[in-house]
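1. Quick one: sequence and predicted model below, then my questions.
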Amino acid sequence: MKSFCIYCGNSKPEAHEICGACGATPVTHEDLIYSIILCHSEGEPYLNFLSLEEIEALREEIAKGNKMEVSPQVFNQAQEAFSAVKSMGSPPLLNKFARHTSRLHIIILVLVLLGLIFGA
Ligand SMILES: [Zn+2]
């Protein structure tokens, strides 16, 4: 899984974690969604909201000092996946899911597909 900072474009270990390069952490809902959109996984292509090329293009915009822009459809898909995960409950439960990521991935896959079917 690759994650990139939405503020400076550098790569970082996890979408929601602090950026080692600029020290920023996504705090607002919108910034968290953008952080999720800027993730890319070779092993789990269904978790990707953009292609790696599109992410690279966004990183260039960020590096130039521009705000990243995605289509409302992409944003909504990421938002639905995120809010579904969040609504599953308490932080301990989220931690449990974090340790069993394959289950979480399946749930996200289902939600993304539902979003594609009903959100379009
Ligand atoms: Zn950064």
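-> That came through fine.
2. So which elements touch whichever strand or helix holds residue 82?
-> Assigned by DSSP states H and E, residue 82 falls within helix 72-87. If you count contacts as 3 or more CB pairs under 8 Å, 6 or more residues apart in numbering; DSSP states H and E, helix 72-87 packs onto helix 29-37, helix 91-99, helix 101-119. Heads up, the C-betas are built off the backbone N, CA and C, glycines and all.
3. angle of the longest one against helix 29-37?
-> Relative orientation of helix 101-119 and helix 29-37, computed by axes from the mean of the first three to the mean of the last three CA atoms, to 10 degrees: 110 degrees.
4. quick one, what contacts the most centrally placed residue in the chain?
-> Nearest to the mean C-alpha position of the chain, by CA atoms, centre = their mean, lies residue 36 at 0.9 Å. Counting by CB atoms under 8 Å, 6 or more residues apart in numbering, residue 36 makes contact with 15, 49, 78, 81-82.
5. between these, which is closest to the ion?
-> residue 15 (12.0 Å; CB to the ion).
6. OK, contacts around that closest one?
-> Contacts of residue 15 (CB under 8 Å, 6+ apart): 3, 26, 32, 35-36, 38-39.
7. about what we covered before: pipe the contacts of residue 36 into TSV and attach pLDDT and distance to residue 55 per row.
-> Formatted as TSV, the contacts of residue 36 follow (pLDDT from 0 to 100; distance: CB to CB, whole Å):
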residue	pLDDT	distance to residue 55
15	89	12
49	93	9
78	91	12
81	84	16
82	83	17
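8. Now for this protein, the helix or strand with the poorest mean pLDDT.
-> The helix or strand of the chain with the poorest confidence is helix 91-99; it has a mean of 51 (mean pLDDT, DSSP states H and E).
9. Flag every residue of the chain that's near the ion.
-> Within reach of the ion by CB under 5 Å from the ion, the chain has these residues: 5, 7-8, 19, 21-22.
10. on that earlier part again, write a ChimeraX command that selects only the buried members of the contacts of residue 36.
-> In ChimeraX, a selection of the buried entries from these looks like this (16 or more other CB atoms under 10 Å):
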select :15,49,78,81,82
